[in-house]
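Colleague: all I have is the shape, not the residue letters:
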Ligand SMILES: [Zn+2]
């Protein structure tokens, strides 16, 4: 996998979420919004299996929430 670090110019790339088809921006670096989320390992693994790209913050938050509500409903 090629991994080019582009000069940070604020927002990053515009991508389309593979789940909900909404457009969102991904910085493709440590400054990306997703690095501010605490993503459970099983969610990361699920995403890596299902989707080749990032997903939007809405869907990521939903998956994190679903993964975290296993014990108390
Ligand atoms: Zn989405």
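Modeller: In hand now; what should we look at? Predicted model, so just to flag it, every value in this text is computed and none were measured.
Colleague: switch to C-alpha atoms for all contacts and neighbour counts from now on
Modeller: Fine.
Colleague: mind listing the helices for this protein?
Modeller: Ranges of helices in the chain, per DSSP state H, are 41-50, 57-68.
Colleague: can I get these in a markdown table with distance to the ion and mean neighbour count?
Modeller: Converted to a markdown table, the helices of the chain look like this (distance: least, C-alpha to the ion, whole Å; neighbours: other C-alpha atoms under 10 Å):
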| stretch | distance to the ion | mean neighbour count |
| --- | --- | --- |
| helix 41-50 | 12 | 12 |
| helix 57-68 | 4 | 15 |
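Colleague: dump the ones you listed to a markdown table, plus mean pLDDT and distance to residue 25.
Modeller: Formatted as a markdown table, those follow (pLDDT from 0 to 100; distance: least, C-alpha to C-alpha, whole Å):
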| stretch | mean pLDDT | distance to residue 25 |
| --- | --- | --- |
| helix 41-50 | 90 | 17 |
| helix 57-68 | 91 | 9 |
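Colleague: residue 57 - nearest residue in space that isn't next to it in sequence?
Modeller: residue 34 (7.2 Å; C-alpha to C-alpha, 6 or more residues apart in numbering).
Colleague: sorry, slip of the keys, the one I care about is residue 18.
Modeller: residue 55 (6.5 Å).
Colleague: confidence score at the residue nearest to residue 57?
Modeller: Residue 34 carries a pLDDT score of 75 in this model.
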